[in-house]
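>>> below: sequence and its predicted model.
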Amino acid sequence: MKVETVSINKIKPYENNPRNNDDAVDAVANSIKEFGWQQPIVVDNGGVIIAGHTRYKAAKKLGYKEVPIVVADSFDYWQRFNNCEPIVDLHKYK
């Protein structure tokens, strides 16, 4: 998988995301400002977020126009949207 930078407007949250993590947005925004992007946002082929909803919200809050993403095109529906963690070593993309 390859990290690419795209317009934040090209990706969108999964509408049925079960996690309500709004309380963490400020902390993640501060982390991104201080340390930069440590993990890209993981999206499917349609630009729907699989992992990284809080990073997305933090980037929006910070006014970022572009974000780093990884397109996870090999995951099936069950892996993407039923709380299965994507099997991706994102730490190598620091």
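Received it, and whenever you're ready, just let me know what you need.
>>> what pLDDT, on average, does stretch 60-76 get?
For stretch 60-76, mean pLDDT rounds to 89.
>>> which positions within that stretch qualify as buried?
67-72, 75 (16 or more other C-beta atoms under 10 Å). Bear in mind the C-beta positions are built from the backbone N, C-alpha and C, glycine included.
>>> now do stretch 49-63
49-59.
>>> could you do stretch 8-20 as well?
Going by neighbour count (16+ other C-beta under 10 Å), the buried part of stretch 8-20 is 8, 11, 14.
>>> where does this protein have its least confident helix or strand?
In the chain, the helix or strand scored least confidently by mean pLDDT, DSSP states H and E is helix 77-81, which has a mean of 54.
>>> and the two most separated of the buried residues of stretch 49-63?
In the buried residues of stretch 49-63, two members sit farther apart than any others by C-beta to C-beta. They are 50 and 58, at 16.8 Å.
>>> for the nearest residue to residue 64 once chain neighbours are set aside, give its distance to residue 74.
Nearest residue to residue 64, sequence neighbours excluded (C-beta to C-beta, 6 or more residues apart in numbering): residue 8, at 6.0 Å. Taking C-beta to C-beta, to the nearest Å as the measure, residue 8 falls 24 Å from residue 74.
>>> all helices for the chain, in order.
Using DSSP state H, the helices found in the chain span residues 25-35, 53-62, 77-81.
>>> turn these into JSON lines, including distance to residue 45.
Listed next are the helices of the chain as JSON lines, based on distance: least, C-beta to C-beta, whole Å:
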{"stretch": "helix 25-35", "distance to residue 45": "25"}
{"stretch": "helix 53-62", "distance to residue 45": "17"}
{"stretch": "helix 77-81", "distance to residue 45": "11"}
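>>> to residue 3, which of the ones you listed lies closest?
Per C-beta to C-beta, nearest to residue 3 of the helices of the chain: helix 53-62, 13.0 Å.
>>> now residue 73. Nearest residue, chain neighbours left out?
Distances taken as C-beta to C-beta, 6+ apart place residue 45 nearest to residue 73, at 5.1 Å, with adjacent residues excluded.
>>> distance of that neighbour from residue 56?
17 Å.
>>> hmm, residue 56 is touching residue 9, no?
No. Residue 56 is beyond contact range of residue 9, at 11.3 Å (criterion: C-beta atoms under 8 Å).
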